[in-house]
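[1] Just to be clear, the model below is a prediction. Sequence and coordinates:
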Amino acid sequence: MITRRRLGQTAAAALAAPYLIRPADAQAASTLVVAATRTPGGFDGDALKPNTQNVVVQTYEGLTRYATRQSPDGRVRIDASRVEPHLAESWTSSPDGKTWVFKLRQGVKSFYGNELTSADVVWGWEKSLAQNRTGAFIARVSSVTKVEAVSRYEVKFTLSGPNAIFLRALTLYTPSIYDSTVMKQHVSADDPWALKWLDTNTAGFGAYHLQSLRAGQDAVFVANPNYFKGKPHFERVVYREVPSAANRLALIRAGQAQWTEELTQRQIVELQQDRRVRVEGEEGTGHASVRMNPRFEPFNDIRVRQAILFATDYDALNKSVFEGLGSQARSIVPPMIDGAFPDAWVFGTNIDKAKALLAEAGKPNLKITVEYSQIFFWEEQLCIQLRTQLARAGIELELKQITDADMRARTAPNRRDLPFFTFLDNPIVLDPIYALYLNAHSAGASNRNGYNNPQFDALIDQALIETDAAKRLQLARDAQRLHTTDATWLMTLYPGSFEAMAPNIRGWVWQPDLHERWVDLTVAR
Amino acid sequence: MSDDAAASSAPAPGSAPPRRRILLALGPPVRFLLRRLAMVTPILFGVLLFTFVLVRLGGQDPVVRLAGPTASVQQIEEVRAELGLDKPILMQFGIYVAKVAQGDLGRSWLNNRPVLADLRQRLPATLELLFLGVGLGALIGVPVGLTAAFGSGRAFDQISRIVSLFGFSIPTYWLGLIMIFVFFSLLGLAPAPMGRISLMAVEPPTVTGSYVIDSALARDPEALWSALGQLVLPVLCLAIVAAAPIIKQTRAIALDVLATDYVRFARASGLSRRDLRRIVLRNSLVPVITFIGAELAGLVGTSSLIELVFAWGGAGQYGLTAILEGDFTAVQGYVLYVTTFSLAIFIVVDLLVFLLEPRSRAS
Amino acid sequence: MSDAASSPPARSWLRTLPLRLRVMARHAPTAFAGALIVGGFALLALLAPLISPHDPMQANPYDVLKPPSGQFWFGTDGAGMDVFSRIIHGSRLAFGIAVPAVAVAMLIGVPLGLFAGYRGGMPDEVLLRAMDALRIFPSIILALALVAATGKSLGNIIIVIGLVDAPIFARLVRAEVLSLRHSGFVESAVAAGNTRWRILFIHILPNAMRGALAQSAVRLAWSIRVSATLAFVGVGVQPPTPEWGAMIRQGAEQMVTGEWWVALFPGLALVLLVLGFNLLGDAVQDWLDPRRRTGVR
């Protein structure tokens, strides 16, 4: 019988032949090789191509960032409730919360040697607003209407109203802060924002800079020698395309990569027992959910919805789909965000209750279809398990696979016509109202199941402009109670986000965009 | 109406119109080639149109994915207009054909790279696998088929028929998986099925695109050894599957030749076994070559599956992925390549037949 | 032959069965083996619900990826479903796709071939060109693209496989018709004043069908292979319906981590059934074309 260990040894033996790393990688000590799913398709934070986000967060940094704190278990985690200065040194706001002036840190230089000025910030925001994509969405959600330079190092933001999300939104990678001096050298009449140049170049004030790109093979980044926080440990990062998860696994085992992206849950479990690899994980902010659209029969009946929740066997799902690594989700606001309210979730497995509810709703033998894709690793498995589970309550569940593109299209704001489907959303801004707005407000961009509850909307609308922190928290709590009880989301488990790295790497801190920051990483002695 | 007929009955070349003269001077093979090439364009056009409509029929919508997770309805429509997907289908097709004529196969919306560049980068890998695999299959298959025909009815014949039938029945991808399991996982003999060269080896500088040839040219023994090692299993896989029909068809062809009056007369006249074999070989050559050519074109699909299983990174894997993900431009580019390749094979085979077999020219 | 007059026919048939089976096995071993295999799987397909030890689509979350044991004869797959039961039920789908698909292929291909062969001229040319173009294109990729575009339903898969198969029947029938058109008995039928339709359906069709029917066994083999390949690539029937190709697809991941049973057994079943049909098809083709059976000795 082949054991995993013997298999791993064989693989390592087969791979550990005397092959050379490229001569240029000879300074292996300060080079980080990342086994990635794809080379980035572009470097514009507003035009998300495959793996753009993974690298844009390394080269572009924001005015603010989340503070970190040391947890009792010794781990360093971000503190979602505190935002600290980053590229900005300090800021002031008007009493009505509509005007903010940020004082930029002086002497911050990009790779090209140009100093950060307010013109750079303004240029980046104007670009995002012009492109009208992710950056513009962030601007809208933060109520930003105008960005202007007040002096060489001061930037003024004008908001349409007080907005508690604003400061946190500035931690995001978009709207990005570009070295506008360099960017302006590459604009043209029909490309006023140098988007074409951004396909293969970076110009930011972050810790890393793109040195070379071989599409389909690798992208090489070098540390910004002028980085305002001093030189990062890794001078070079080779971001290498290794499309197959099995190959990424083999590379990190053999020590030929020090970091990998996207391994399956099963592989993570294997690696946890492997001395050659270090695995770290956090619960994260995204949980596996199966969502019901109340516009469609029979999901318009709350009893049917709740019955489905009661019929689900969460333990079995955890064991079979998530290798026992998952943690129960009880609210669409993840537990790591201050203001998460799990108490309204009362839907532990209870087959009798499920049957009773279904009988009450007049549907003792329910026939429904769940649609899933391959966007997330757990979708098909979860649906297969769910089918057997729901059958115990008399529900016949039919599975239907649709393409990834279809799943995204049909859950987009203009359609939202999937009655019952799987998805996972990660709120990228660690704020309870943001998460609630994004996923459940009738105008939320990720409200994929078309939840439309005027009461809920009213609570969120109020909270968006509420300045008193305690009142805001209470509104968040009420909204969550409403949403959880309405049971349009079958919340299952947080798969957790895990990272696999070389055993001597330290410094990883979980980020809401799920990407490591190379600047954080060091090598332990 | 054949040019040859016209040539033989035409007046002295000097008095023919100039264009005619050039054509006549070029000689039969070239004329044959030109005739064949003229047929290619309408076929390509038809296939392209068919594919174009087909992928768009699927109702897959790449726009939403490209627009990003936070896009509004308006932004989605803007992206659609950017990609030119809001125009009527026939107009889109016209634009596409015009671009293709200029050598631009469009951009894959999945990974944002030009389709032509992607295909060109991956083509050597596929060709290497295909030719080596079918070559090996023919190397095994033809002799076995011939021997079976000569010793027809006897043990070797029966055994080869059973073996060939197995070859017809085994799914290629499954065979690949089993081989990986046995030779890599269990026995540790074969290298990891991770592509054309070990992940740790240095890729040789690109000259032909084939790692084997390029590392030989670059005098890099480690890369050469690694590339050869990675080739063994996938080529073997393809060869086994290719050999089965070759054995069967070669045997059938040889049997047909053996049954012709010509050969029967030769046997009755007491020709030696060796001479007999030589005659049969010569006469079987043309149909066997034709068949192997057809096999080559037909195995493009199967080799794509092998590429998938062995993570080969060739055009076949690219195409399969594109079809599954509904990546319009990539699928169209891939279909174009496959059709062109098949047509090229058929033309080359026909040309070979034309050159080797004077009798066929009369038709 | 035994004395049929003295014992009732049925009993004598039964009594001579072992002898006749032995005779068949000796004189036509390939046909016999093929029929045995195909018959065996057909039986499995028919009796599937009765003989499966487990529900093939019952997910057992606490028994995921267990090796073959007394409880799960062929082990369990990634969802904890019993591989053995899924293989038995998979044979239902194998027949359930292949048989209708070949029927569709014949329904489309035979009339086309008849028409083209008999009419000749323009329609024949068009058909020939179309079939040539189809021949140039690898059939797997064509089937894949068609199913991917039209949706992965059972009906679509059957129709697509049938469509891709049809040209072969068309070509076969057309060739037969062409050769029969000028044969003696057809010409005399024409001379006797039969209408065109009568000639086509009563005189030509039955003979043309011989070749088509002979092909059908091989076509069945091919259809099973193609449907499994489609499932392997990812455009097969919706999981968790037990389908051999889909099981191999799932098992492919497991191969590298050592759970070999998930992909091995469905593959073996596939090889066996396809081999069975190929053996049958081979035997039938030999029977119709005696030259193939033995060469010149």
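    Okay, I see it. Numbering: from 1, shown residues only, chains lettered A, B, ... in the order given.

[2] dump the residue contacts of B:Thr302.
    B:Thr172, B:Leu238, B:Val241, C:Pro138, C:Ile140 (C-beta atoms under 8 Å, 6 or more residues apart in numbering or on different chains). C-betas here are computed from N, CA, C, even on glycine.

[3] between these, which is nearest A:Glu371?
    C:Ile140 (27.1 Å; C-beta to C-beta).

[4] which residue packs closest to that closest one, ignoring adjacent ones?
    Spatial nearest neighbour of C:Ile140, chain neighbours left out: B:Gly301 (3.5 Å); criterion: C-beta to C-beta, 6 or more residues apart in numbering or on different chains.

[5] can I get the CA coordinates of the helix or strand harbouring the one you found in CSV?
    Of the helices and strands defined by DSSP states H and E, B:Gly301 is found in helix B:300-309. The C-alpha coordinates for helix B:300-309 follow below in CSV (Å, rounded to 0.1, in the frame of the first residue of the first chain):
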residue,chain,number,x,y,z
VAL,B,300,-4.6,15.2,-32.7
GLY,B,301,-7.5,14.8,-30.4
THR,B,302,-6.1,11.9,-28.5
SER,B,303,-2.7,13.5,-28.0
SER,B,304,-4.5,16.5,-26.5
LEU,B,305,-5.8,14.2,-23.8
ILE,B,306,-2.3,12.9,-23.2
GLU,B,307,-1.1,16.4,-22.9
LEU,B,308,-3.7,17.0,-20.2
VAL,B,309,-2.7,14.0,-18.2
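
[6] Give me the subset of the contacts of B:Thr302 that lies in helices.
    Among the contacts of B:Thr302, the members falling in helices (DSSP state H) are B:Thr172, B:Leu238, B:Val241, C:Ile140.

[7] Most neighbours among those, which one is it?
    B:Leu238 (28 neighbours; other C-beta atoms under 10 Å in any protein chain shown).

[8] who touches that residue in this structure?
    Contact partners of B:Leu238, counting by C-beta under 8 Å, 6+ apart, are B:Leu129, B:Leu130, B:Leu132, B:Gly133, B:Val134, B:Leu136, B:Gly137, B:Thr172, B:Leu299, B:Thr302, B:Ser303, B:Ile306.

[9] which residues touch the second one?
    With contact taken as C-beta under 8 Å, 6+ apart, B:Leu130 is in contact with B:Leu238, B:Leu296, B:Leu299, B:Val300, B:Ser303.

[10] and it, what helix or strand is that in?
    helix B:115-150.

[11] tell me what the helix or strand that that helix is followed by is packed against?
    Tracing the chain past helix B:115-150, the next element assigned as helix or strand by DSSP H and E is helix B:155-169. Contacts defined by 3 or more C-beta pairs under 8 Å, 6 or more residues apart in numbering or on different chains; DSSP states H and E place helix B:155-169 against helix B:115-150, helix B:221-259, helix C:205-233, helix C:261-288.

[12] one step back: need the max-distance pair from the ones in helices among the contacts of B:Thr302.
    Across those, no pair lies farther apart than B:Leu238 and C:Ile140, at 13.8 Å, counting by C-beta to C-beta.

[13] what's the lowest-pLDDT member of the ones in helices among the contacts of B:Thr302?
    Lowest in pLDDT among the ones in helices among the contacts of B:Thr302 is C:Ile140, which has 87.

[14] Verify the contact between it and B:Leu305 for me.
    Yes. With contact defined as C-beta atoms under 8 Å, C:Ile140 counts as touching B:Leu305 (7.5 Å).

[15] Mutual contacts of the two, please.
    C:Thr229.

[16] returning to that earlier point: out of the contacts of B:Leu238, who's the most crowded?
    Neighbour-wise, the contacts of B:Leu238 (other C-beta under 10 Å) top out at B:Ser303, 29 neighbours.

[17] Please enumerate the strands of the stretch 151-300 of chain A.
    In the stretch 151-300 of chain A, the strands defined using DSSP state E, counting those that start in this stretch lie at A:154-159, A:208-214, A:218-223, A:236-241, A:259-260, A:278-282, A:289-292.

[18] Which one of those strands lies nearest to chain B?
    Judged by C-beta to the nearest C-beta, the one of these that comes nearest to chain B is strand A:236-241, at 8.9 Å.

[19] what's around the residue of the stretch 251-363 of chain B found nearest chain A, how many residues?
    Closest to chain A within the stretch 251-363 of chain B is B:Ala311: 5.1 Å, counting by C-beta to the nearest C-beta. Neighbourhood size, B:Ala311 [other C-beta under 10 Å]: 20.

[20] Same question for C:Pro68.
    15.

[21] Return the residues in contact with it.
    Counting by C-beta under 8 Å, 6+ apart, C:Pro68 touches C:Phe74, C:Gly75, C:Trp261.

[22] Chain A versus the last one, what's the distance?
    Per C-beta to the nearest C-beta, to the nearest Å, C:Trp261 is found 11 Å from chain A.

[23] tell me which parts of the stretch 151-300 of chain B are close to chain A?
    Residues of the stretch 151-300 of chain B lying close to chain A by C-beta under 8 Å from any C-beta of the partner chain are B:184-186, B:188, B:191-192, B:194-195, B:198-202, B:222, B:226.

[24] Could you work out the most separated pair of the residues you listed?
    Greatest spatial distance in these: B:Leu186 and B:Val202, 29.3 Å, computed using C-beta to C-beta.

[25] Settle it for me: which of these two has more neighbours?
    Ranked by neighbour count (other C-beta under 10 Å), B:Leu186 and B:Val202 place B:Val202 first, with 18 against 15.

[26] just checking, that one touches B:Leu224?
    No. The criterion here is C-beta under 8 Å, and B:Val202 misses it with B:Leu224 at 11.3 Å.

[27] which of the contacts of C:Pro68 lies closest to chain B?
    Checking the contacts of C:Pro68 one by one against chain B (C-beta to the nearest C-beta), the nearest turns out to be C:Trp261, at 10.8 Å.

[28] give me every residue that touches the closest residue in space to the closest one that isn't next to it in sequence.
    Leaving out its chain neighbours, the residue that sits closest to C:Trp261 by C-beta to C-beta, 6+ apart is C:Gly75, at 3.9 Å. Residues in contact with C:Gly75, defined by C-beta under 8 Å, 6+ apart, are C:Leu65, C:Lys66, C:Pro67, C:Pro68, C:Ser69, C:Val83, C:Glu259, C:Trp261, C:Val262.

[29] which among these end up buried?
    C:Leu65, C:Lys66, C:Val83, C:Glu259, C:Trp261, C:Val262 (16 or more other C-beta atoms under 10 Å in any protein chain shown).

[30] All set now, cheers.
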